[in-house]
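>>> Pasting the sequence and the predicted model now:
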Amino acid sequence: GQSLEQPSEVTAVEGAIVQINCTYQTSGFYGLSWYQQHDGGAPTFLSYNALDGLEETGRFSSFLSRSDSYGYLLLQELQMKDSASYFCAVIPGDSSYKLIFGSGTRLLVRP
Amino acid sequence: DSGVTQTPKHLITATGQRVTLRCSPRSGDLSVYWYQQSLDQGLQFLIQYYNGEERAKGNILERFSAQQFPDLHSELNLSSLELGDSALYFCASSASGEGIDEQFFGPGTRLTVL
């Protein structure tokens, strides 16, 4: 089976940097994705990591360590609009067609 | 706007009933995914179709079924509804159906079972 662990909530101040961690246990692994979901909205894609290392996209970066079964999403220069839920998701080894989501981290950005 | 459409937006029904949720993927996308999101929970993968064929299955209940039609729209059928089926149901589409592809999510259908 597969399991993903993320913190349930994180609070940070506007302008700061925040890191949202994700650890996973899967039987086989293709890659790790991150999605953002605002309250009442649909999830939107942020990033995908298949190889170890850091991927940067504007204010957001995502990191993966396959040997540690660990990844994180780094949000810099936080803005109020970044308040949302963030989900990590793995592509398990038993099927490259699936995407298995974690339970999400609710980020609250305070002024 | 992701380009993925879902109907209806809201659905209220009673236990034991059957409902059909509809999804139209983005233009050009061949793959459709269905997810269930219960209150304050993550997205539970249900099933994926690619160009009309079922390609991957998650923890989908036997009371639930889906299909993708030749015009690539998809329907999710939920029968013998229970209170616990109340949730937000999302459809997503992608070009190839590979997990690495960015998935584009529709606005969701909120199902309430009374």
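Arrived safely, thanks for sending. Residues are numbered from 1 along each chain as shown, chains lettered A, B, ... in the order given.

>>> Now name the helix or strand holding the residue of chain B found nearest chain A.
Using C-beta to the nearest C-beta, the closest approach of chain B to chain A is made by B:Gly99 at 3.4 Å. All C-beta atoms are positioned from the backbone trio N, CA, C, and that covers glycine. For B:Gly99, there is no host helix or strand (DSSP states H and E).

>>> Name the nearest residue to it, sequence neighbours excluded.
Residue nearest to B:Gly99 in three dimensions, not counting chain neighbours: A:Ile91, with 3.4 Å by C-beta to C-beta, 6 or more residues apart in numbering or on different chains.

>>> That neighbour against A:Phe101, yeah?
No - using C-beta atoms under 8 Å, A:Ile91 is not in contact with A:Phe101, being 11.1 Å away.

>>> Specify which residue of these two has the higher count of neighbours.
Shown here are A:Ile91 and A:Phe101; by other C-beta atoms under 10 Å in any protein chain shown, A:Ile91 has more neighbours (25 against 22).

>>> So which elements touch the host helix or strand of the residue nearest to B:Gly99?
Using DSSP H and E, A:Ile91 falls within strand A:84-92. With contacts taken as 3 or more C-beta pairs under 8 Å, 6 or more residues apart in numbering or on different chains; DSSP states H and E, strand A:84-92 sits against strand A:3-5, strand A:18-25, strand A:29-37, strand A:70-75, strand A:100-101, strand A:105-110.

>>> and if we set it to 6 Å?
Packing partners of strand A:84-92 (3 or more C-beta pairs under 6 Å, 6 or more residues apart in numbering or on different chains; DSSP states H and E): strand A:18-25, strand A:29-37, strand A:100-101.
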